[in-house]
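Asker: missing the sequence, but the structure's below:
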């Protein structure tokens, strides 16, 4: 398989302040490590500019205007207690969204079979009308709307394996029958949402809350329920909210996955993706805060994307 890697240069300019866990090094170590993979099937691309109307599908217009007015001329500004922006964040946030759009176009135009977006800031906590949890724009939600509106798909699945529940993505698609949102996450834990009682208006929300200490075997057994739901839904395109903070070494949570588990869950998903959507998969980076675990886990994820036939 040909796998795209979409990166930006501007992620470096999104300054979150000294000691913040969501820092530029996260993407730098991922990119530097992936560049060591010697494969002619790995296609590197940059983010593209995009029509801002796609942001308005996912986010309230007033919220977008408020964010636009909040980017400081100098120093840092807080959108919430832990979501910080700097002057360079304006371009970095736009390029993070542009990356998933570029990735989708690349798959649709057969430049590569699947794709991973190594970007920051992450997005899955950003709701329709508020920033939260390091996230300003909901990258994966904009990607899903791009598939629905630009490519006229009727069934898009978002699989979120970040250790924290993607409250923002759930919020945006709670009443949307065309999008199936599936999340495995530690619970109860930040952000507090994600119980299995939250099902969406069309039974299109599927949460699998997991207790602290969940190990690899327990997690992969639970992930089979994600795959079962995918089989029922039969998506035309699959998006991954790819957070790697369920790793046992991550400082911000207490699940006990190893790097190899991200290879396994990716591979199992791709088997179904081939059946239902011709292997059309785009993945966008969310969390992951131990740098060594993050670079290993993303490599495992990319290996599965590259190897699948």
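Answerer: Structure's in. What do you need? Computed from a predicted model, the values in this text were never measured in an experiment.

Asker: measure residue 30 to residue 222 for me?
Answerer: According to C-beta to C-beta, to the nearest Å, residue 30 stands 26 Å off from residue 222. (C-beta placed from N, C-alpha, C; glycine too.)

Asker: for residue 92, give me phi and psi.
Answerer: When read as degrees, to the nearest 10, the backbone of residue 92 gives phi -60, psi -40.

Asker: pretty sure it sits against residue 15.
Answerer: No - here residue 92 does not reach residue 15: they are 9.2 Å apart, not a contact under C-beta atoms under 8 Å.

Asker: so who does residue 166 touch?
Answerer: 124-125, 140, 158, 160, 181, 183, 185, 241, 286 (C-beta atoms under 8 Å, 6 or more residues apart in numbering).

Asker: residue 63: helix or strand, and which one exactly?
Answerer: helix 61-70 (DSSP states H and E).

Asker: just the helices in the chain please.
Answerer: Counting by DSSP state H, the chain has these helices, from start to end: 25-34, 53-58, 61-70, 89-108, 139-149, 167-173, 216-233, 259-277, 291-307.

Asker: mean pLDDT, distance to residue 207 and mean neighbour count for those helices - can I get that in a markdown table?
Answerer: Listed next are the helices of the chain as a markdown table, based on pLDDT from 0 to 100; distance: least, C-beta to C-beta, whole Å; neighbours: other C-beta atoms under 10 Å:
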| stretch | mean pLDDT | distance to residue 207 | mean neighbour count |
| --- | --- | --- | --- |
| helix 25-34 | 98 | 26 | 18 |
| helix 53-58 | 98 | 20 | 18 |
| helix 61-70 | 98 | 24 | 13 |
| helix 89-108 | 98 | 23 | 24 |
| helix 139-149 | 98 | 16 | 26 |
| helix 167-173 | 98 | 8 | 26 |
| helix 216-233 | 98 | 10 | 15 |
| helix 259-277 | 97 | 16 | 19 |
| helix 291-307 | 98 | 22 | 21 |
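
Asker: residue 45: which of these is closest?
Answerer: Across those, residue 45 has its closest neighbour in helix 89-108 (6.1 Å, C-beta to C-beta).

Asker: same for that closest one, what does it pack against?
Answerer: In terms of contacts (3 or more C-beta pairs under 8 Å, 6 or more residues apart in numbering; DSSP states H and E), helix 89-108 is packed against strand 3-7, strand 42-46, helix 53-58, strand 114-118, helix 139-149, strand 281-285.

Asker: that older thread, can you list the neighbours in contact with the helix holding residue 63?
Answerer: With contact meaning C-beta under 8 Å, 6+ apart, helix 61-70 is reached by 55-56, 77, 79, 85, 90, 93, 128-131, 136-137.

Asker: repeat the analysis, applying 7 Å as the threshold.
Answerer: 55-56, 77, 79, 85, 128-130, 136 (C-beta atoms under 7 Å, 6 or more residues apart in numbering).

Asker: who touches the residue nearest to residue 101 when sequence neighbours are not counted in this structure?
Answerer: Once flanking residues are discounted, residue 101 sits nearest to residue 50: 4.6 Å by C-beta to C-beta, 6 or more residues apart in numbering. Going by C-beta under 7 Å, 6+ apart, residue 50 touches 97-98, 101.

Asker: identify, by residue count, the longest strand of this structure.
Answerer: Identified as the longest strand of the chain according to DSSP state E is strand 179-186.

Asker: how far away is residue 112 from residue 306?
Answerer: Using C-beta to C-beta, residue 112 is found at 10 Å from residue 306.

Asker: now residue 107
Answerer: For residue 107 relative to residue 306 (C-beta to C-beta), the value is 14 Å.

Asker: skipping its backbone neighbours, what lies nearest the residue most central in space within the chain in space?
Answerer: Centre of the chain computed as the mean C-alpha position; nearest residue by C-alpha atoms, centre = their mean is residue 241, 2.6 Å away. Excluding the flanking residues, the one nearest residue 241 by C-beta to C-beta, 6+ apart is residue 160, at 3.8 Å.

Asker: quick one: the residue lying closest to residue 124 once chain neighbours are set aside and residue 243, what's the gap?
Answerer: Closest residue to residue 124 apart from its sequence neighbours, by C-beta to C-beta, 6+ apart: residue 166 at 3.5 Å. Distance of residue 166 to residue 243, computed by C-beta to C-beta: 8 Å.

Asker: what of residue 185?
Answerer: Counting by C-beta to C-beta - residue 185 and residue 243 are separated by 9 Å.

Asker: overlap of the contact sets of those two?
Answerer: 162-164.

Asker: could I get those residues as a markdown table with distance to residue 38 and pLDDT?
Answerer: Output for the shared contacts of residue 185 and residue 243, formatted as a markdown table (distance: C-beta to C-beta, whole Å; pLDDT from 0 to 100):
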| residue | distance to residue 38 | pLDDT |
| --- | --- | --- |
| 162 | 29 | 99 |
| 163 | 31 | 98 |
| 164 | 34 | 98 |
